[in-house]
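Undergrad: output the structure for:
(chains A, B, C and D)
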Number of protein chains: 2
Amino acid sequence: MSKTDIAPKRTKPLLLTAIGRVERETGLAKDTLRVWERRYGFPKPLRDGNGERVYPPEQVEKLRVIRRLMDGGMRPGKLVQASLAELSERFGASRLERRGRPGAPSPLAQYLPLIKAREAGGLQRQLAHDLMRLGLQRFVIEVVAPLNVGVGEAWTLGDLEIYEEHLYSEQVQHVLRQALASAPRMTRDPRMLLTTLPGEQHQIGLLMAQACLAVEGAECLSLGPQTPARDIVLAARAHRVDVVGLSFSSAVRLREARAAVVDLRKRLDRSIGIWAGGGLWAGMKEPVPGVTMIASLDAIPAVLAQWREQHSKAVYA
Amino acid sequence: MSKTDIAPKRTKPLLLTAIGRVERETGLAKDTLRVWERRYGFPKPLRDGNGERVYPPEQVEKLRVIRRLMDGGMRPGKLVQASLAELSERFGASRLERRGRPGAPSPLAQYLPLIKAREAGGLQRQLAHDLMRLGLQRFVIEVVAPLNVGVGEAWTLGDLEIYEEHLYSEQVQHVLRQALASAPRMTRDPRMLLTTLPGEQHQIGLLMAQACLAVEGAECLSLGPQTPARDIVLAARAHRVDVVGLSFSSAVRLREARAAVVDLRKRLDRSIGIWAGGGLWAGMKEPVPGVTMIASLDAIPAVLAQWREQHSKAVYA
DNA sequence: GAAATTATTTGTCCTAGACAAAAACTTTAC
DNA sequence: GTAAAGTTTTTGTCTAGGACAAATAATTTC
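TA: As a prediction, this is how the structure comes out:
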């Protein structure tokens, strides 16, 4: 068995995916996959010899797209009935609507060809160039943030593959980290601890926030992504921070995120502030008590100023 | 309700954790948590009004420790019966055994105080200093790699908190990325695509590999962590890479990792090599056919040399 | 002592029902 | 017409205990 590798035991037929792997690849929980099957009739996996579900690639693909559309606020009940083509079309339409808003033109048009180019250097050069031209803060707000949104949408429309998104993400991180490393470290209040909660793995949001905060002179300590609530509390106390900053991309469920923030607020000393930022909170109706929501990166300077004013009052009054 | 924040609806008692969050915080699947409860009598969560499990913090803590010990090869059946104190002790003993091996002294003794210091700058300065002193390759192999292991062990022993590990991880990444950015880009074969599979989120392994490969002149394209198999295949074809490099920390189950690699090997063109590296494969009994296992970073130069020799033969013969 | 055989351990999957939180829709009040 | 309050639908997560195969450990055989 150890030498005759020519005919490996083929336990599962080629390219069919078991439910566990579908969960990992789509981000949809096993329970959710099963309940959709029961309710909507999709996905409709085949069964292997043990009666276990095996998903053909087309269904996994459609699940991936549905997941992405749901992150944009759509509901699964209707999405599952549509075909893949219809899904792309529908999203295209809703995107055009949103495009109607007056606003700065997306830098996507310029960047998309660079991302799709088979040569990674061009993208990085353009990013570095824009960084130099605009300065860190404007670079983040005017280029990186809209680009993130645009790249996400392009993926949903089928204009970009996930690996191209990964590639983009990696390059942006490189540029942002380098910029942060060369930024002068000013030690001014507030001391901030930056991280994301478990489940939120996107680092770019964190880096963008760190960039905006560093520019404004806040002292940032980043733990990277996915710190459990318990450890956020420990770290915040140990390093005596004034504020814990959390980043949320729209890839996480609003429900879970809210619950996690509420939980953290309960555990963390009341004297330590919590600022929750990221695209996720744009659609929030009821803010979490005791937590400052930062819907957009532009709002950071104002929130910082407000904190500083309140804090200086508290000290001198 | 929106103004009177004083008495928030307290749906769950303070500090008790629902099964979903325990899954996210410990990495143990819900099914696993339930089956342990049935079989071993641990964990033994309380129940809320709906009969749903709620876990007190001590149990979550113990689960976290058990999970970590299992990554070191121990089995849950016996671990669950021991108390937290016994667990630490037992691990301490097994660690001392391993220490018995002759080898370079771990740089941990020097770094541990810096990690525990409340001032992040010292750690970064020491890392940068060692990088300068040793050069990128030796820095990675002699400092970063053993430090990773040491930091992980220190956590299990209770010498370090998770947030301190995060902090360390973040600093190392910064230093490695900066070193990579300033390394000259030589375009020599093989072209490599670097990433991790879904579920493996540790980026440091990837960065260490990238550093060692870049030093040896391989052309590296990193997708960052967690690229689904389907997209690895697409990216490898689009960018015409010769080899796909995958990094595995020991935080993932060997079983799952093996299955995922086998799956990728099935999907990816045979002409494209797969190199799987990382601490995970140290205990591997049967290698995956058609996949090169790289147990340690020191082995990278040899594997590269071998590939180049074989490849040049294939071209000129 | 190595290889093959048997036993145990362990994680994941199964079914089908239940329920609460969120969202969408409807009604009522101003 | 808009805002608040009430109702319905949608949706994700949880429950139970049983089943089974892959991985690991223990035993036997050569």
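Undergrad: so who does residue A:30 touch?
TA: A:19, A:20, A:23 (Cβ atoms under 8 Å, 6 or more residues apart in numbering or on different chains). (Each C-beta comes from the backbone N, C-alpha and C, glycine too.)
Undergrad: so what's the residue count around the second one?
TA: Looking back up the chat, that one is residue A:20. Here the count is done by other Cβ atoms under 10 Å in any protein chain shown, and residue A:20 has 16 residues near it.
Undergrad: equivalent analysis for the last one, please.
TA: Residues within reach of residue A:23, counting by other Cβ under 10 Å, total 20.
Undergrad: next one: it from DNA strand C, what distance?
TA: Per Cβ to the nearest atom of the strand, to the nearest Å, residue A:23 is found 7 Å from DNA strand C.
Undergrad: quick revisit: could the contacts of residue A:30 go into TSV alongside secondary structure and pLDDT?
TA: Output for those, formatted as TSV (DSSP: H, G, I helix; E, B strand; the rest coil; pLDDT from 0 to 100):
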residue	secondary structure	pLDDT
A:19	helix	95
A:20	helix	92
A:23	helix	93
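Undergrad: contacts only, for residue A:106.
TA: Listed by Cβ under 8 Å, 6+ apart, the contact set of residue A:106 reads A:146, A:147, A:149, A:150.
Undergrad: how does it look with 10 Å?
TA: A:99, A:112, A:143, A:146, A:147, A:149, A:150, A:153 (Cβ atoms under 10 Å, 6 or more residues apart in numbering or on different chains).
Undergrad: export the residues you listed to TSV and tack on distance to chain B, secondary structure and neighbour count?
TA: Shown next, in TSV, are these (distance: Cβ to the nearest Cβ, whole Å; DSSP: H, G, I helix; E, B strand; the rest coil; neighbours: other Cβ atoms under 10 Å in any protein chain shown):
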residue	distance to chain B	secondary structure	neighbour count
A:99	27	helix	11
A:112	15	helix	19
A:143	19	helix	22
A:146	21	helix	17
A:147	16	helix	23
A:149	19	helix	14
A:150	19	helix	19
A:153	18	helix	21
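Undergrad: of all pairs in the residues you listed, which one is the farthest apart?
TA: Farthest pair in those (Cβ to Cβ) is A:99 and A:143. Separation: 18.0 Å.
Undergrad: near chain B, from the contacts of residue A:30?
TA: A:20, A:23 (Cβ under 10 Å from any Cβ of the partner chain).
Undergrad: out of the contacts of residue A:30, the closest to chain B would be?
TA: residue A:20 (8.0 Å; Cβ to the nearest Cβ).
Undergrad: from residue A:135, how far out is that closest one?
TA: Distance, residue A:20 to residue A:135, by Cβ to Cβ, to the nearest Å: 46 Å.
Undergrad: sorry, back to before: lowest pLDDT pick from the contacts of residue A:106?
TA: Lowest pLDDT of the contacts of residue A:106: residue A:99, 47.
Undergrad: how much space between residue A:237 and residue A:291?
TA: 18 Å.
Undergrad: give me the more crowded residue out of these two.
TA: For residue A:237 versus residue A:291, the count of surrounding residues by other Cβ under 10 Å is larger for residue A:291: 20 against 12.
Undergrad: in this structure that one contacts residue A:248, no?
TA: No. Using Cβ atoms under 10 Å, residue A:291 is not in contact with residue A:248; the gap is 11.6 Å.
Undergrad: taking chain A, what residue is nearest to DNA strand C?
TA: Closest contact between chain A and DNA strand C, by Cβ to the nearest atom of the strand, is at residue A:20 (2.8 Å).
Undergrad: now do the contacts for that residue.
TA: Counting by Cβ under 10 Å, 6+ apart, residue A:20 makes contact with A:30, A:52, A:53, B:29, B:31, B:199, B:256, B:259.
Undergrad: does the longest strand along chain A reach chain B?
TA: Determined from DSSP state E, the single longest strand within chain A is strand A:188-195. Yes. Counting by Cβ under 10 Å from any Cβ, contacts between strand A:188-195 and chain B involve A:193, A:194, A:195.
Undergrad: ramachandran angles for residue A:273?
TA: phi -80, psi 160 (degrees, to the nearest 10).
Undergrad: wait, residue A:237 sits on residue A:269?
TA: Yes. Using Cβ under 10 Å, residue A:237 is in contact with residue A:269, at 7.1 Å.
Undergrad: where does pLDDT dip in the stretch 151-300 of chain A?
TA: Along the stretch 151-300 of chain A, the parts satisfying pLDDT under 70 run over A:184-186, A:250-253, A:255, A:280-287.
Undergrad: what's the closest non-adjacent residue to the residue of the stretch 51-200 of chain A found nearest DNA strand D?
TA: Nearest to DNA strand D in the stretch 51-200 of chain A, going by Cβ to the nearest atom of the strand, is residue A:77, at a distance of 2.0 Å. Nearest in space to residue A:77, with sequence neighbours left out and distances taken as Cβ to Cβ, 6 or more residues apart in numbering or on different chains, is residue A:40 at 6.7 Å.
Undergrad: helices along the stretch 51-200 of chain A, start to end?
TA: According to DSSP state H, counting those that start in this stretch, the stretch 51-200 of chain A carries its helices in the segments A:57-71, A:76-79, A:84-99, A:108-116, A:120-134, A:136-138, A:145-156, A:162-182.
Undergrad: would JSON lines of those with distance to residue A:300 be doable?
TA: Formatted as JSON lines, the helices of the stretch 51-200 of chain A follow (distance: least, Cβ to Cβ, whole Å):
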{"stretch": "helix A:57-71", "distance to residue A:300": "23"}
{"stretch": "helix A:76-79", "distance to residue A:300": "34"}
{"stretch": "helix A:84-99", "distance to residue A:300": "23"}
{"stretch": "helix A:108-116", "distance to residue A:300": "23"}
{"stretch": "helix A:120-134", "distance to residue A:300": "16"}
{"stretch": "helix A:136-138", "distance to residue A:300": "9"}
{"stretch": "helix A:145-156", "distance to residue A:300": "12"}
{"stretch": "helix A:162-182", "distance to residue A:300": "15"}
